[in-house]
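# sharing a sequence plus its predicted fold:
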Amino acid sequence: MSRTARVERATAETKVSVALTLDGSGQAEIATGVGFFDHMLHQLARHGGLDLTVHTAGDLEIDAHHTVEDTTLALGAALRDALGDKVGINRYGDATVPMDEVLVRAAVDLSGRPYVVHDEPPLAPYIVGTGATYPTSLTRHVWESLGYAAGLTLHVSVLRAARDAAQPDPHHVVEAQFKAVARALRQAVAIDPGAAGAVPSTKEVL
């Protein structure tokens, strides 16, 4: 069974197109106009084993907020649609990912119940890349938007952010989060060969 989805989202602020294949090889074609966010979505695809195409045209003349938010909402909707009835999936996934001085833990439950816990230290306010600047305050919003749209429970905790007496590198802190979430999702969406085609819940629905 092909676990794929395509979602189009259009508002007065953005126009988003997302195509997602859960059982992919990490291939990605990403263009949102926010260079650092594009880089993060590439991490999500590569480390999540997803094939992902994202094209977003947003009101970047204002800031990156609407573009990042609406792209993530469309991505979450695609994830929900691609999972279908969730028969035979692992449901749960977790990963602890180091990135140099940073250590991040992510845990996911494809529960159908949106709930997000995000623990992150104060960071420099912006990451500057090509295109629009990425405000680091948006990372929490990314996880909240993904959890809401996909119907998942997600915990993301930055366990260590910097060397002693040093300031956190926001690039490393945010990138480690995306990699950890990707690895946790990869585990959760995978088919459990011992599940005998059942939904992994005593309610028999997720």
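The structure has been received and is ready for your questions. Numbering: from 1, shown residues only.
# which residue is most remote from the mean position of the protein?
Taking CA atoms, centre = their mean, the residue of the chain most remote from its mean C-alpha position is Ala165, at 30.2 Å.
# and the gap between that one and Glu101?
12 Å (CB to CB, to the nearest Å). Glycine gets a C-beta too; all of them are placed from N, C-alpha and C.
# got it, and His141?
Computed with CB to CB, the distance linking His141 and Glu101 is 25 Å.
# same check, this time on Ala176
Taking CB to CB, one finds Ala176 at 10 Å from Glu101.
# where does pLDDT dip in the chain?
Where the chain drops to pLDDT under 70, the residues are 1.
# how about the helices in it?
Using DSSP state H, the helices of the chain run over residues 35-48, 65-83, 138-150, 170-189.
# next one: the second one to chain centre, how far?
Meaning helix 65-83. Centroid displacement of helix 65-83 relative to its chain, using CA atoms, centre = their mean, to the nearest Å, is 9 Å.
# repeat that for the longest one.
Going by CA atoms, centre = their mean, the spacing between the C-alpha centre of helix 170-189 and its chain's C-alpha centre is 7 Å.
# for Ala19, which of the helices of the chain is the nearest?
Within these, the stretch nearest Ala19 is helix 65-83; the backing value is 7.4 Å (CB to CB).
# next, the angle from that closest one to helix 138-150.
Per axes from the mean of the first three to the mean of the last three CA atoms, to 10 degrees, the angle that helix 65-83 makes with helix 138-150 is 40 degrees.
# just give the closest residue to Val117, not the sequence neighbours.
Residue nearest to Val117 in three dimensions, not counting chain neighbours: His155, with 4.5 Å by CB to CB, 6 or more residues apart in numbering.
# pull the contacting residues for that neighbour.
Each residue near His155 by CB atoms under 8 Å, 6 or more residues apart in numbering is listed here: 105-108, 116-118.
# rerun at 10 Å
Neighbouring residues of His155 by CB atoms under 10 Å, 6 or more residues apart in numbering: 94, 105-109, 115-119, 143, 147, 181, 184.
# burial of the closest residue in space to Arg140 that isn't next to it in sequence, as a residue count?
Closest residue in space to Arg140, ignoring its immediate chain neighbours: His118 at 4.7 Å, by CB to CB, 6+ apart. His118 has 18 neighbours, counted by other CB atoms under 10 Å.
# so His118 bridges to which residues?
Beta bridges link His118 to Val156 when assigned by DSSP bridges.
# quick check: it vs Thr136, distance?
Remark: distance between His118 and Thr136 (CB to CB) = 12 Å.
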